[in-house]
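# Build the 3D model from these lines:
(chains A and B)
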Amino acid sequence: AQSVTQPDIHITVSEGASLELRCNYSYGATPYLFWYVQSPGQGLQLLLKYFSGDTLVQGIKGFEAEFKRSQSSFNLRKPSVHWSDAAEYFCAVGNQAGTALIFGKGTTLSVSS
Amino acid sequence: GAVVSQHPSWVICKSGTSVKIECRSLDFQATTMFWYRQFPKQSLMLMATSNEGSKATYEQGVEKDKFLINHASLTLSTLTVTSAHPEDSSFYICSASLPGGVHEQYFGPGTRLTVT
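Predicted structure coming up:
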């Protein structure tokens, strides 16, 4: 079955500390992977995406993610978290046909001062 | 570029009434639009896939007679919640993909529906 797992429901990080949000996927075809961020009551903003090529992808707001096929993972990282990064983060997988995305359950990021 | 809007952003309606939510691609033509539903503190669940000029494809468990989807043009898809009930209260989000099967989707800001 196709699925996305985000093992961490809630993470708290100190401002300025590094961050890693985990994402594992199960997908029958070549995966197209995405990370989105959602602030309360808002829509989704694309942070970054991976289709092919370099397995380390850079996104907006200083985020990056690394695709590891052997581990079926696409973890999101940021070297130094800012208070404004507090939000809900969703990992999603799609395919080249542009069909609907499958989302993980999300990870809530809190940033402490 | 690739902006998707939704209207209204927030709506309250009485139980038994119908409410229409619009999803527009502002600067591109979207042959395919998707409708998702999000419960509080939950992930997005796909409700249906909407292709311009054809009937929407609903996911299993989604009542197509209750959630009417119309994709009459390349820039507009509408979701009508008919005979709304309190359990229909949710956050509804649409997304659109570019023509040609491009893999990326562009999401609207969402519509908060509250049924009283």
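
# What is the least confident helix or strand in chain B?
Least confident helix or strand of chain B, by mean pLDDT, DSSP states H and E, is strand B:105-107 with a mean of 87.

# So the next helix or strand after that strand, near chain A or not?
On the C-terminal side of strand B:105-107, the nearest following helix or strand under DSSP states H and E is strand B:111-115. Yes. Judged by C-beta under 8 Å from any C-beta of the partner chain, strand B:111-115 and chain A are in contact via B:R112. C-beta coordinates here come from the backbone N, C-alpha and C atoms, glycine included.

# Please, which helix or strand holds the spatially most central residue of chain B?
Centre of chain B computed as the mean C-alpha position; nearest residue by C-alpha atoms, centre = their mean is B:W35, 3.7 Å away. Using DSSP H and E, the element containing B:W35 is strand B:32-38.

# contacting residues around the residue in chain B that chain A sits nearest to?
Distances between chain B and chain A by C-beta to the nearest C-beta are smallest at B:P109, namely 3.8 Å. Taking C-beta atoms under 8 Å, 6 or more residues apart in numbering or on different chains, we find B:P109 in contact with A:42-43, B:5-6, B:9, B:93.

# Mind doing that once more with 7 Å?
A:42-43, B:6, B:9 (C-beta atoms under 7 Å, 6 or more residues apart in numbering or on different chains).

# Now do it against A:Q38, distance only.
10 Å (C-beta to C-beta, to the nearest Å).

# For A:L48, give the beta-bridge partners.
Per DSSP bridges, the residues bridged to A:L48 are A:W35.

# per-residue pLDDT, it?
Model confidence at A:L48, given as pLDDT, is 94.

# Going by residue numbers, what spans are helices in chain B?
Per DSSP state H, chain B carries no helices over any range.

# Point out where it drops to low pLDDT.
B:1, B:100-103 (pLDDT under 70).

# Show me which residues of it are close to chain A?
B:32, B:34, B:43-44, B:46, B:49, B:93, B:97, B:101-105, B:107-110, B:112 (C-beta under 7 Å from any C-beta of the partner chain).

# The same query, at a cut-off of 8 Å, please.
B:6, B:32, B:34, B:41-46, B:49, B:91, B:93, B:95, B:97, B:101-110, B:112.

# buried subset of the residues you listed?
Neighbour counting with 16 or more other C-beta atoms under 10 Å in any protein chain shown marks B:6, B:32, B:34, B:43-46, B:49, B:91, B:93, B:95, B:97, B:103-110 as buried within these.

# thinking again about what came up before, who touches the least confident helix or strand of chain B?
Residues outside strand B:105-107 that contact it (C-beta under 8 Å, 6+ apart) are A:36, A:43-46, A:94, A:98, A:100-101, B:2-4, B:25, B:34, B:93-97.

# what's around B:L113, how many residues?
21 (other C-beta atoms under 10 Å in any protein chain shown).

# nope, A:Q42 is what I meant
Neighbour tally, A:Q42, other C-beta under 10 Å: 16.

# helix, strand or coil for it?
Classification of A:Q42 by DSSP: H, G, I helix; E, B strand; the rest coil places it in coil.
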